[in-house]
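# Could you work out the structure for the sequence below:
(2 chains)
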Amino acid sequence: AQSVSQHNHHVILSEAASLELGCNYSYGGTVNLFWYVQYPGQHLQLLLKYFSGDPLVKGIKGFEAEFIKSKFSFNLRKPSVQWSDTAEYFCAVNLDSSNTGKLIFGQGTTLQVKP
Amino acid sequence: NAGVTQTPKFQVLKTGQSMTLQCAQDMNHEYMSWYRQDPGMGLRLIHYSVGAGITDQGEVPNGYNVSRSTTEDFPLRLLSAAPSQTSVYFCASSYRAVLHEQYFGPGTRLTVT
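Take a look at the predicted model:
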């Protein structure tokens, strides 16, 4: 069965540190890739998405992600985190062939940024 | 636009009770879905709908029913609540099933005792 793995479950960083959250998926076909963020007490919001084209995608709030097809990865990065980035981050994959819109989510990574 | 709305925000049920979680969107989106979020497991798809009158099962459909009589509404019914259904439930919608961002509602926190 297709799956999405986020290797870091809980990350603690100081402000201004760089961030990289790993995301790997298991599916050999065409995929659409997403990163969602859930701030404390809020609902999920889209950070960025990749459908096709340039594998380096930029999202909101200074986040970016790189799709590496050969590694089945879609890692999220930010050069300098802020306290306000404290949240839970979810990687999600949609299998392009399904035409059903189903999103397969990773387990989530909790990011805590210390001021 | 209100976006995706869900009611109630919180609910406590006793084992065996039934209830309906409401979800509505005012963006004329074709696609709607229900997820449950459990600690350490991310979000898992319960049911989805690609348009009015069309629904299908997701990854964890057992114990839940859905219907889609209108484009706007996509209620989720718990037939006989069980403690294993204690979770946070999110409704989401998007313009089309594929290649479009899904917008999530604020969630319903359900506790079954």
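
# near chain B, which residues of chain A?
For chain A, the contact set with chain B under CB under 8 Å from any CB of the partner chain comprises A:4, A:6, A:9, A:32, A:34, A:36, A:42-46, A:49, A:51, A:90, A:92, A:94, A:96, A:98-108. For glycine as for every other residue, the C-beta is placed from the backbone atoms N, C-alpha and C.

# again, 10 Å this time
When proximity is defined as CB under 10 Å from any CB of the partner chain, chain A approaches chain B at A:1, A:4, A:6, A:9, A:32, A:34, A:36, A:38, A:41-46, A:49, A:51-52, A:88, A:90-92, A:94-108.

# so who does residue B:4 touch?
A:43, B:23-27, B:29, B:32, B:74, B:90-93, B:102-106 (CB atoms under 10 Å, 6 or more residues apart in numbering or on different chains).

# Shouldn't residue B:99 be within a helix?
No - counting by DSSP: H, G, I helix; E, B strand; the rest coil, residue B:99 is located in no helix; its state is coil.

# Could you check how far it is from residue B:66?
From residue B:99 over to residue B:66 the distance is 23 Å, taken as CB to CB, to the nearest Å.

# ok, these two, which is more surrounded?
With other CB atoms under 10 Å in any protein chain shown as the criterion, residue B:99 and residue B:66 differ in neighbour count, and residue B:66 comes out ahead with 23 against 14.

# That one - nearest residue in space that isn't next to it in sequence?
What sits nearest to residue B:66 in space, not counting adjacent residues and going by CB to CB, 6 or more residues apart in numbering or on different chains, is residue B:47, at 4.3 Å.

# Now that neighbour: which helix or strand?
strand B:42-51 (DSSP states H and E).

# Any quick PyMOL command for the buried ones out of the contacts of residue B:4?
Those of these that count as buried under 16 or more other CB atoms under 10 Å in any protein chain shown are selected in PyMOL with:
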select buried, (chain A and resi 43) or (chain B and resi 23+24+25+29+32+74+90+91+92+93+102+103+104+105+106)
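
# What pLDDT is listed against the spatially most central residue of chain B?
Compute the mean C-alpha point of chain B, and by CA atoms, centre = their mean the closest residue is residue B:34, 3.0 Å away. Among the per-residue scores, residue B:34 shows a pLDDT of 97.

# isn't it right up against residue B:68?
No - shown here, residue B:34 and residue B:68 do not form a contact pair, counting by CB atoms under 10 Å, at 11.0 Å.
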